[in-house]
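**Q** here is a sequence with its predicted model. Questions after.
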Amino acid sequence: MTNETHPNVPAGWELLPHETLPRPTFFPAGLAMGITFILWGLITSWVIHAVGIGLFAASFAGWIYEILREPSHH
């Protein structure tokens, strides 16, 4: 694309191609919290460890499900 078709683009610059970004999600934060609980549970209590395993598994499964459900642009 040239600067004649897009007057707001400075000389020597190019426009980036349009890319769609994935939807924001809380699954990465849940995965990190699950890992934290797993490690914290190793030094404190089996209950915290079990909660961490459950949180990790649920977040991991949810994140994979979202990736598989995302429409392909190929």
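**A** On my side now, so go ahead. Numbers count the residues shown, from 1 in each chain.

**Q** distance of the most centrally placed residue in the chain relative to G62?
**A** For the chain, the residue nearest the mean C-alpha position is P28 (5.6 Å; Cα atoms, centre = their mean). Taking Cβ to Cβ, to the nearest Å as the measure, P28 falls 10 Å from G62. For glycine as for every other residue, the C-beta is placed from the backbone atoms N, C-alpha and C.

**Q** which residue ranges form the helices in the chain?
**A** Remark: helices assigned in the chain by DSSP state H are 27-43, 46-69.

**Q** of those helices, which is nearest P17?
**A** With Cβ to Cβ, the closest approach to P17 among the helices of the chain belongs to helix 46-69: 22.1 Å.

**Q** now do that closest one: which elements does it pack against?
**A** Using 3 or more Cβ pairs under 8 Å, 6 or more residues apart in numbering; DSSP states H and E, the elements in contact with helix 46-69 are helix 27-43.

**Q** nearest residue to the residue nearest to the centre of the chain other than its sequence neighbours?
**A** In space, and not counting its chain neighbours, P28 is closest to W63: 6.9 Å by Cβ to Cβ, 6 or more residues apart in numbering.

**Q** now do the contacts for that neighbour.
**A** 25, 27-28, 31 (Cβ atoms under 8 Å, 6 or more residues apart in numbering).
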